[in-house]
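> Fold the following.
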Amino acid sequence: IDQPRRLRIQAFEAQQRRKLQQEEDRERKQATMRQAMAKASALASANAKVHGALGWLWQTLAGGEGEVSEVRRFKRKPELGLLVSDAE
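Predicted structure coming up:
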């Protein structure tokens, strides 16, 4: 049994609308991903600058040198030890 012409046209138009909507959704998702990647890149760049500027201080504090209260504070927080550990 064949569908009437107007039903075929409606189905075709609905399919075209779905394709257009899917393409718009895909483009929107790609734009969002590009923005997220740009933000992550900027954050990584900022983190690298901070590490370059303060790396010597963290090495000094990890070695037990510097102001006593700062050394104690540095050693009390184990996550700060990650700043001077080698990345492996």
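
> can you list contacts of the helix or strand of the chain with the lowest mean pLDDT?
Least confident helix or strand of the chain, by mean pLDDT, DSSP states H and E, is helix 68-76 with a mean of 91. Defining contact as CB atoms under 8 Å, 6 or more residues apart in numbering, one finds that helix 68-76 is touched by Trp58, Leu61, Ala62, Gly64, Glu65, Leu80. From N, CA and C alone the C-beta is placed, and that goes for glycine too.

> For the spatially most central residue of the chain, identify the helix or strand it belongs to.
Nearest to the centroid of the C-alpha atoms of the chain, with distances taken as CA atoms, centre = their mean, sits Ala40, at 4.2 Å. Taking DSSP states H and E as the criterion, Ala40 maps to helix 5-62.

> For that helix, give the mean pLDDT please.
For helix 5-62, mean pLDDT is 95.

> Compute the distance between the residue nearest to the centre of the chain and Arg34, please.
To Arg34, Ala40 is 11 Å away according to CB to CB, to the nearest Å.

> same deal with Ser41?
To Arg34, Ser41 is 10 Å away according to CB to CB.

> same deal with Phe12?
Phe12 is 33 Å from Arg34, by CB to CB.

> before we move on, what about Leu20?
Using CB to CB, Leu20 is found at 21 Å from Arg34.

> do the same with Leu43
According to CB to CB, Leu43 stands 15 Å off from Arg34.
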